[in-house]
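# Return a 3D structure for these sequence lines:
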Amino acid sequence: MPDEINRKRVLQTGEKFTKSWPKQKPPRLAQKMINSRSEAIRTQLLQLTDALLIWLAFWIGWTIRGLYRFKTGMGVEDVSLSDSLNWALYIAVPLTPLVLERLGFYQNLRTKKGSTSFQQMFQAIMILLLIIGIMAIFTKQFDTRRLAFGSGLLASFLLVIIRDWGTRIWFRQRALDENNKENVVIAGTGREMQDFLNSLDKELTATWHVSQLFDLETHDKEDLFDILKKESVARVIFVTKMTDFEKVSQAVEICELQGVEAWISASFIRTQIARPVFDSVGSKPMLVLRSTPELSWELMLKGIFDRCAALLVIVCTLPLWVIAIIGIRIQSPGAPAFFSQLRAGRYGRPFRMWKFRTMVPNAEALLDQVKEQHGNQMDGPVFKLDRDPRIFTFGEWLRKLSIDELPQLLNVLKGDMSLVGPRPLPLYEVEAFSEITHRRRLSVKPGITCEWQAGGRNTITSFEQWVEMDLRYIDNWSLWLDFTILLRTIPAVLFQKGAK
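I've put the predicted structure just below:
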């Protein structure tokens, strides 16, 4: 069995941990929760949103003042918002989110009560009033329009509270939705794993689905391979205070080869493994070993760009959707215009991918027969054939122009796919992987286009080479690389390079 051979290879080879114990005593941790990197980015995003809402609130306040003057016959004042409230805006817009953060407004969003948010926001407004009052006295800024300023503060209070209420509901719903929960394995020895879980705040573990408490002393490392594969695990947290380093090293190697994040308690070693990053789970310091792009603003911008661009392309290509649906219905009557198939998403989690149907209705049933009669032009588990007899004439035209791929934009909007990323493969092809290192291409969100499609897929018949291109993309990912692949994809589509 290929999987069995590769599991043994992982356990028998590979670099070991450097057993370097810290000589100095670590600094005492603060009693409050230490934000992880993802929580810090989330907080910054909410702060930016609140800053924009506060600016909008003062604009609303200025509009209310204008309407009041018009209604009372005082006339329209030839003074803009920036002229009248410029100095106050410079204080309120950046300072309010910082004060709110200091008051803990952005913490415990899933469990925080509405009354707590109300109290924190009221305190922030009072602090803001005090600071602005002191600044007005020292700078002699007494010409501020009181109605506009007061209305702006009230609108700021209401808008931020409404935003917070919506955010808390959204986080709670995500915590209840099992499909949104992150599959996590806790690895360690004996009681320390359960003690670790019990020590964490429920706010942190609400979005986790703990697939298993994996005892490194009593289980074989081969079992970890199977768990990561079957449970679509996103990360393994190693609680290693009492665990033999050799066992941790072997388990980490399995995670790295499959592109699964390994989070290691950072209280015991400095490692020589590439790309170590320090993070935290609650107040527990962790050493994270990543072989995938690290969570960052750039990665968040990729998600925002994906959805915005997908929506724009859908709107602009609606005529092509209509043509495709009508053409398929005419040439292949009695069958649906859309084709869906379960594909392997990030970490191998199945999702339903959509395309325009370009083959006969019973195409999947005929696959084995086509393989037997025509062979496979791509070595490895993936099936590719230039002139697949299951494709009808109009479907071939759709493939040449890549119009059949347009419905995948719906998967991008849903969040199952990205515009750029390794192509998602059917589940049965993923199960047929002969090397466990191939699974690392599943460690990022799959995409509509990739290096393989943009770089001339007709000339590539080696699945190993295809995987190498995907792994090179993962290791060197940046927004700029995504943009260059998208730009290279355009001529590949226009000049009909190698749609199979």
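# check which helix or strand covers the residue nearest to residue 296 when sequence neighbours are not counted.
Leaving aside its sequence neighbours, residue 296 sits nearest to residue 41 (Cβ to Cβ, 6 or more residues apart in numbering; 7.5 Å). Every residue, glycine included, has its C-beta placed from N, CA and C. Here residue 41 sits within helix 37-71, counting by DSSP states H and E.
# Need the pLDDT of residue 221.
We have a pLDDT of 79 for residue 221.
# could we number from 53 for the rest of this?
In the new numbering, first residue 53, that becomes residue 273.
# My read is that it contacts residue 303, right?
Yes: Residue 273 lies in contact with residue 303 (Cβ atoms under 8 Å); the separation is 5.7 Å.
# Counting neighbours, go ahead and name the busier of the two.
Using other Cβ atoms under 10 Å, the more surrounded residue of residue 273 and residue 303 is residue 303, with 27 against 18.
# for the more buried one, what are its contacts?
Residue 303 is in contact with 239, 268, 273, 276, 288, 290, 314, counting by Cβ atoms under 8 Å, 6 or more residues apart in numbering.
# Excluding chain neighbours, what is closest to the third one?
Pointing back at residue 273 there. residue 302 is the one closest to residue 273 (Cβ to Cβ, 6+ apart), at 4.8 Å.
# The strand or helix carrying residue 407: which residues count as buried?
Element membership of residue 407, judged by DSSP H and E, is strand 402-408. Applying a neighbour-count criterion of 16 or more other Cβ atoms under 10 Å, one finds 403, 405, 406, 407, 408 buried in strand 402-408.
# Check whether residue 456 really touches residue 406, as I assumed.
No: using Cβ under 8 Å, residue 456 makes no contact with residue 406, being 10.1 Å away.
# what about residue 476, is that helix, strand or coil?
Secondary structure, DSSP: H, G, I helix; E, B strand; the rest coil: residue 476 is coil.
# Tell me which residues touch it, please.
Contacts of residue 476 by Cβ under 8 Å, 6+ apart are 395, 396, 397, 403, 405, 469, 498.
# Near residue 356, how many other residues are there?
Around residue 356 there are 9 residues (other Cβ under 10 Å).
# Please read the previous query as pertaining to residue 274.
15.
# Against residue 306, how distant is it?
9 Å (Cβ to Cβ, to the nearest Å).
# okay, and for the protein, where does confidence drop off?
53-89, 117-139, 188-200, 294-295, 318-328, 507-512, 547-552 (pLDDT under 70).
# Can you spell out the domain ranges of it, please?
Using automatic domain parsing, the domains assigned to the chain come out as 54-83+231-341, 89-228, 349-546.
# and the contacts of residue 476, which two are the farthest apart?
Using Cβ to Cβ, the pair of these lying farthest apart is 396 and 469, separated by 11.5 Å.
# tell me, what's touching these two both at once?
Joint contacts of residue 396 and residue 469 (Cβ under 8 Å, 6+ apart) are 476, 498.
# residue boundaries of the strands in the stretch 153-302 of the chain?
Assigned by DSSP state E, counting those that start in this stretch, the strands in the stretch 153-302 of the chain fall at 234-240, 260-267, 287-291.
# contacts for the shortest one?
When you say that, I think you mean strand 287-291. By Cβ under 8 Å, 6+ apart, strand 287-291 touches 234, 236-241, 244-245, 248, 266, 276, 280, 300, 303-304, 307, 312-317, 333, 338.
# And the first one, by the same measure?
The set of residues that contact strand 234-240 without belonging to it, under Cβ under 8 Å, 6+ apart, is 245, 248-249, 259-268, 276, 279-280, 283-295, 303, 399, 401.
# Neighbouring strands - and their directions - for that strand?
strand 260-267 (parallel), strand 287-291 (parallel) (DSSP bridges).
# Kindly provide the distance from residue 529 to residue 495.
Applying Cβ to Cβ to residue 529 and residue 495 gives a distance of 11 Å.
# Show me which of these two is the more surrounded one.
Per other Cβ under 10 Å, whichever of residue 529 and residue 495 has more neighbours is residue 495, with 23 against 19.
# Just give the closest residue to that one, not the sequence neighbours.
With Cβ to Cβ, 6+ apart, the residue lying closest to residue 495 is residue 311, at 2.5 Å.
# Check residue 90 too.
residue 347 (5.4 Å).
# I'd say that neighbour and residue 94 touch.
No: contact between residue 347 and residue 94 fails when scored by Cβ under 8 Å: they sit 10.2 Å apart.
# can you tell me which of the contacts of residue 476 lies nearest to residue 525?
residue 498 (11.6 Å).
# OK, contacts around that closest one?
Taking Cβ under 8 Å, 6+ apart as the test, what residue 498 contacts is 395, 396, 397, 398, 468, 469, 470, 473, 474, 475, 476.
# For those, work out which two are farthest apart.
396 and 470 (14.3 Å).
# coming back round to it: if I read this right, the residue nearest to residue 495 contacts residue 492, doesn't it?
Yes: with contact defined as Cβ under 8 Å, residue 311 reaches residue 492; the gap is 3.5 Å.
# Next, show the common contact partners of the two.
343, 344, 526.
# Highest neighbour count among those residues?
Neighbour-wise, these (other Cβ under 10 Å) top out at residue 343, 20 neighbours.
# Give me the buried stretch members for stretch 464-484, please.
In stretch 464-484, counting by 16+ other Cβ under 10 Å, buried: 464, 468-478, 481-482.
# Can you redo the residues you listed as TSV, where the extra columns are distance to residue 539?
Output for those, formatted as TSV (distance: Cβ to Cβ, whole Å):
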residue	distance to residue 539
464	18
468	24
469	19
470	16
471	12
472	11
473	16
474	19
475	18
476	22
477	25
478	29
481	29
482	29
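# Next, residue 385: secondary structure please.
coil.
# Run a quick neighbour tally on it.
So residue 385, with other Cβ under 10 Å, has 7 neighbours.
# what do you get for the one 10 residues further on?
Residue 395 sits with 22 neighbouring residues when counted by other Cβ under 10 Å.
# Now do the strand holding residue 407: everything it contacts.
In contact with strand 402-408 (Cβ under 8 Å, 6+ apart) are residues 284, 376-377, 380, 389-397, 447, 450, 455-460, 462-463, 468-469, 476, 479.
# then that strand to CSV, C-alphas only?
The C-alpha trace of strand 402-408 is given here as CSV (Å, rounded to 0.1, in the frame of the first residue of the first chain):
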residue,chain,number,x,y,z
PRO,A,402,-15.2,17.9,1.0
PHE,A,403,-17.2,20.6,-0.7
ARG,A,404,-19.5,20.7,-3.7
MET,A,405,-17.9,22.3,-6.7
TRP,A,406,-20.0,23.7,-9.6
LYS,A,407,-19.4,23.8,-13.3
PHE,A,408,-21.4,24.0,-16.5
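# Following element in sequence after that strand, please.
Following strand 402-408 in sequence, per DSSP H and E, is helix 419-426.
# List the buried residues for that next one?
419, 422.
# can you check stretch 104-120 too?
So stretch 104-120, judged by 16+ other Cβ under 10 Å, has buried residues 105, 106, 107, 109, 110, 111, 112, 113, 114, 116, 117, 118.
# quick one: which of these is nearest residue 517?
residue 105 (50.0 Å).
# so what's the closest one closest to, chain neighbours aside?
residue 211 (4.4 Å).
# I'd like the distance between that neighbour and residue 427.
63 Å.
# Just want to know which of these two has more residues nearby.
Neighbour count, other Cβ under 10 Å: between residue 211 and residue 427, residue 211 has more, with 18 against 9.
# which ones are touching the more buried one?
105, 106, 108, 109.
# Now do the strands in the stretch 353-502 of the chain.
Under DSSP E, counting those that start in this stretch, the stretch 353-502 of the chain gives strands at 390-396, 402-408, 470-472, 499-501.
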